[in-house]
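Peer 1: Provide a 3D model corresponding to the input given below.
(chains A and B)
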Amino acid sequence: MRIATWNVNSIGARLPRLLAWLESSGTDVLCLQEAKCTAEQFPTAELRELGYEAAVNATGRWNGVAVLSRVGLDQVVTGLPGGPDYEGAQEPRAISATCGGVRVWSVYVPNGRDVEHDHYGYKLRWFEALRDAVAADAAGDLPFAVLGDYNVAPTDEDVYDPAVFEGLTHVTPAERAALAALRDTGLSDVVPRPLKYDRPYTYWDYRQLCFPKNRGMRIDLVYGNAPFASAVKDAYVDREERKGKGASDHAPVVVDLDI
DNA sequence: ATGGCCTGATCTTCAGGA
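Peer 2: This is a model prediction of the structure:
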């Protein structure tokens, strides 16, 4: 089974590339983030023509997540149970489903914006709720993984220059502790291969030639439990999808499972 | 081959992204 996670930065803007990539990559299950559309606007019909079912949690211009699958889509849970509100409402940042015997979550963790901003505390609370929500499945005997845009670089090796990120979100001890707490439920980081250069970055800013200069970050992660991790045959960042006109600023992370 | 931001709405300017 080929399973992937990809922050598409608007499914409307990305649809031609998304459809082409699903076909060319042979992906069976895609955890997608930043749909940036309403549920009604989600391209369910186009995806169905390619053979994919879709479970969608999307409410409009911001956020929005989905699980696409051509190997079954069952036991869908929309949203993060016990998740915190932001400005009085739950945001569409999580959805989970069972696809071909593997249970997956697609998550878009809050950005945090600035360590002084309310969004940063919201981000840490969101991680606590995620840990509590996945703990039982993480410790279970069935293959299980949380895939998505975590908006945290796990180590200094996961950013192109740690000095640039001093004092900024995505690298703080509290955010990295939140990742560690999540792993403590029984999950491990499935680190992908880079297809070029030495680090498996998954995000490069659109600005300042960051991609050609490989000024990237590894913030799109696959955290799998033991049955999932032991089934991993290969994992890589498909940086080809970051190239050219109409690319997302994130590349897909692809995992091949012996399932 | 990889190119000095992109996206959608509040729409000609802005918030948010990270």
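Peer 1: so A:Tyr201 sits right up against A:Phe211, yeah?
Peer 2: No: in this structure, A:Tyr201 is not within contact of A:Phe211 by Cβ atoms under 8 Å, at 9.3 Å. C-beta here means a position set from N, CA and C on the backbone, and glycine is covered the same way.
Peer 1: So the two - more neighbours on which side?
Peer 2: Shown here are A:Tyr201 and A:Phe211; by other Cβ atoms under 10 Å, A:Tyr201 has more neighbours (27 against 20).
Peer 1: quick check, the more buried one in a helix?
Peer 2: No: using DSSP: H, G, I helix; E, B strand; the rest coil, the assignment for A:Tyr201 is coil, not a helix.
Peer 1: Name the nearest residue to it, sequence neighbours excluded.
Peer 2: A:Gly216 (2.8 Å; Cβ to Cβ, 6 or more residues apart in numbering).
Peer 1: Need the per-residue pLDDT for the closest residue to A:Arg242 other than its chain neighbours.
Peer 2: Among residues not flanking A:Arg242 along the chain, A:Ala251 sits closest, at 4.3 Å (Cβ to Cβ, 6+ apart). On pLDDT, A:Ala251 comes in at 97.
Peer 1: how near is A:Ala251 to A:Thr185?
Peer 2: 27 Å (Cβ to Cβ, to the nearest Å).
Peer 1: More neighbours: which of these two?
Peer 2: Per other Cβ under 10 Å, whichever of A:Ala251 and A:Thr185 has more neighbours is A:Ala251, with 28 against 19.
Peer 1: any idea how far A:Glu157 is from the more buried one?
Peer 2: Using Cβ to Cβ, A:Ala251 is found at 18 Å from A:Glu157.
Peer 1: what does A:Arg48 give?
Peer 2: On the measure of Cβ to Cβ, A:Arg48 and A:Glu157 end up 41 Å apart.
Peer 1: before we move on, what about A:Pro227?
Peer 2: In terms of Cβ to Cβ, A:Pro227 sits 27 Å off from A:Glu157.
Peer 1: ok, those two, which is more surrounded?
Peer 2: A:Pro227 (16 against 12).
Peer 1: For that one, give me its contacts.
Peer 2: Applying Cβ atoms under 8 Å, 6 or more residues apart in numbering to A:Pro227 gives the contacts A:Gly140, A:Asp141, A:Leu142, A:Pro143, A:Phe144.
Peer 1: Among those, name the buried ones.
Peer 2: Among those, those scoring as buried are A:Pro143, A:Phe144 (criterion: 16 or more other Cβ atoms under 10 Å).
Peer 1: now, which of the contacts of A:Pro227 sits nearest A:Arg70?
Peer 2: A:Arg70 has its nearest neighbour among the contacts of A:Pro227 in A:Pro143, at 17.3 Å by Cβ to Cβ.
Peer 1: Surely that closest one is in contact with A:Arg103?
Peer 2: Yes: the pair A:Pro143 / A:Arg103 is scored as a contact, 7.1 Å apart, by Cβ under 8 Å.
Peer 1: Give the rounded mean pLDDT of stretch A:2-10.
Peer 2: On average, stretch A:2-10 scores 97.
Peer 1: cool, stretch A:110-129 as well?
Peer 2: 95.
Peer 1: close to DNA strand B, is that stretch?
Peer 2: Yes: Stretch A:110-129 comes into contact with DNA strand B (Cβ under 7 Å from any atom of the strand), by way of A:Pro110, A:Asn111, A:Arg113, A:His119.
Peer 1: can you redo these as JSON lines with secondary structure and neighbour count?
Peer 2: Below are those laid out as JSON lines (DSSP: H, G, I helix; E, B strand; the rest coil; neighbours: other Cβ atoms under 10 Å):
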{"residue": "A:Pro110", "secondary structure": "coil", "neighbour count": "22"}
{"residue": "A:Asn111", "secondary structure": "coil", "neighbour count": "15"}
{"residue": "A:Arg113", "secondary structure": "coil", "neighbour count": "14"}
{"residue": "A:His119", "secondary structure": "helix", "neighbour count": "17"}
